[in-house]
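Trainee: Here's a sequence, model it:
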Amino acid sequence: MTEIVTRPSYEKVERKVEVMDTPYDRWISSQGIDVIRGFFVEDLYNIPLKPWDRMGGTGVYVMLDGTGYLDDAYVVGIPPGKNLKPQRHIYEALYYVLDGRGATTVWQTQGPKQSFEWQTGSLFAIPLNAQYQHFNGQGDKEARLLAVTTAPLVFNLFHCEDFVINNPYAFTDRFKGEDGYFAGSGRLYSDRVVETNFVADAINIEPVAWTERGKGNATIFFEMSESMMGSHVSRFPVGIYKKAHRHGPGAHVFILTGKGYSLLWPEGKEMTRVDWKPGSIVVPPEGWFHQHFNSSAEPARYLALKILSRKYKLQPGKIQSDVPLAYGGWQIEYEDEDPIIRRTFDEECAKSGAEVRMP
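Mentor: Numbering: from 1, shown residues only. Below you'll find the model as predicted:
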């Protein structure tokens, strides 16, 4: 009989005095802030931050089990009315604004500066190795940003801090300082994939129907700043859940709206359950099936950030996330899922008073 085990929100906090195993681990342990490790984090909005000298603000690293050391995440806080120190690095970074409003200035050493304003819910990518600086536009409260980066991959490949964060090379094929680079305009790259460098409001953006992932599901993908990283916003309605699927490591799933839970499991093994709300983040381990459930009486949506560009592929071939297992894909159809999945969903919807509208 299948069992579902509930995991704690995170299992331990690594301190900088602990011995780490990789060049990347040794680097983040030198930053003087905590490193959250485990399966998921329940609330990034309120997670404690510590002074972070390199950034000039406060922060915490979030290095969850499912990353596969391809990418990481951190939360950085900007004090009221202040700014962070200028940064540059040859790892890529996607930023989502958890709370606050402010601005970011981006420039190449020999080029003009471009500035853009952001607010809670904004999403943007820093062009590779461009210099940038974040500013808090509020004088009375902290601004808080979530970043997902490829730092583990890059640090473990080069294991040289000076090369990674003080490299003078300018990738002008990605960013020259051109006017309007972060203006928020975009173009449809392919079905459901928008090429843009700035999304003003990922919380309320309208996604595109994607019924292959489940009735009522809608998703919109973003290609940003010529990056190897990708992101998407997915929405699912009340009373209907998405189909289970699996993929490679590193997908940071951040909950934007709604309350519910996710089930995650390696094939043939017990299921792990994590309960989420706005501010929660989970990273499914490589090859694990996972399935997200909105069990509340309101629609839910999440933002996923990972190394998965549809424009610059790391591997050839079609992404198989909506192709059934029977046809060589990575998705479990409703009729093939474990009965405990539907039974659990019915029970959770009954608790919240949500009408089940599954086929």
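
Trainee: Okay, now the sheet partners of the helix or strand hosting residue 147, with direction.
Mentor: Using DSSP states H and E, residue 147 sits in strand 143-149. Here strand 143-149 is paired, per DSSP bridges, with strand 72-78 (antiparallel), strand 93-99 (antiparallel).

Trainee: Need those strands in CSV (columns: distance to residue 153, mean neighbour count and mean pLDDT).
Mentor: (C-beta placed from N, C-alpha, C; glycine too.) Below are the strands paired with strand 143-149 laid out as CSV (distance: least, C-beta to C-beta, whole Å; neighbours: other C-beta atoms under 10 Å; pLDDT from 0 to 100):
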stretch, distance to residue 153, mean neighbour count, mean pLDDT
strand 72-78, 9, 24, 98
strand 93-99, 12, 23, 98
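
Trainee: a markdown table for those strands, including distance to residue 176?
Mentor: Listed next are the strands paired with strand 143-149 as a markdown table, based on distance: least, C-beta to C-beta, whole Å:
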| stretch | distance to residue 176 |
| --- | --- |
| strand 72-78 | 27 |
| strand 93-99 | 19 |
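
Trainee: show me where the stretch 201-350 of the chain has strands.
Mentor: Ranges of strands in the stretch 201-350 of the chain, per DSSP state E, counting those that start in this stretch, are 208-209, 218-223, 230-236, 244-245, 252-257, 260-265, 271-276, 281-282, 289-294, 300-306, 331-332.

Trainee: Compare the ones you listed and say which comes out lowest on pLDDT.
Mentor: With a mean of 88, strand 208-209 has the lowest mean pLDDT of these.

Trainee: which helices and strands sit right next to that strand?
Mentor: Strand 208-209 is packed against strand 218-223, with contacts defined by 3 or more C-beta pairs under 8 Å, 6 or more residues apart in numbering; DSSP states H and E.

Trainee: just checking, residue 89 touches residue 165?
Mentor: Yes - counting by C-beta atoms under 8 Å, residue 165 is a contact partner of residue 89 at 4.9 Å.

Trainee: Look at those two and report which has more neighbours.
Mentor: Per other C-beta atoms under 10 Å, whichever of residue 89 and residue 165 has more neighbours is residue 89, with 22 against 18.

Trainee: confidence score at that one?
Mentor: 98.

Trainee: and it, helix, strand or coil?
Mentor: Taking DSSP: H, G, I helix; E, B strand; the rest coil as the rule, one finds residue 89 in the coil state.

Trainee: do you know how far it is from residue 326?
Mentor: 43 Å (C-beta to C-beta, to the nearest Å).

Trainee: picking up where we left off before, return the set of buried residues in the strand holding residue 147.
Mentor: 143-149 (16 or more other C-beta atoms under 10 Å).

Trainee: which residue packs closest to residue 166, ignoring adjacent ones?
Mentor: Of all residues not flanking residue 166 in the chain, residue 88 sits nearest, at 7.7 Å (C-beta to C-beta, 6 or more residues apart in numbering).
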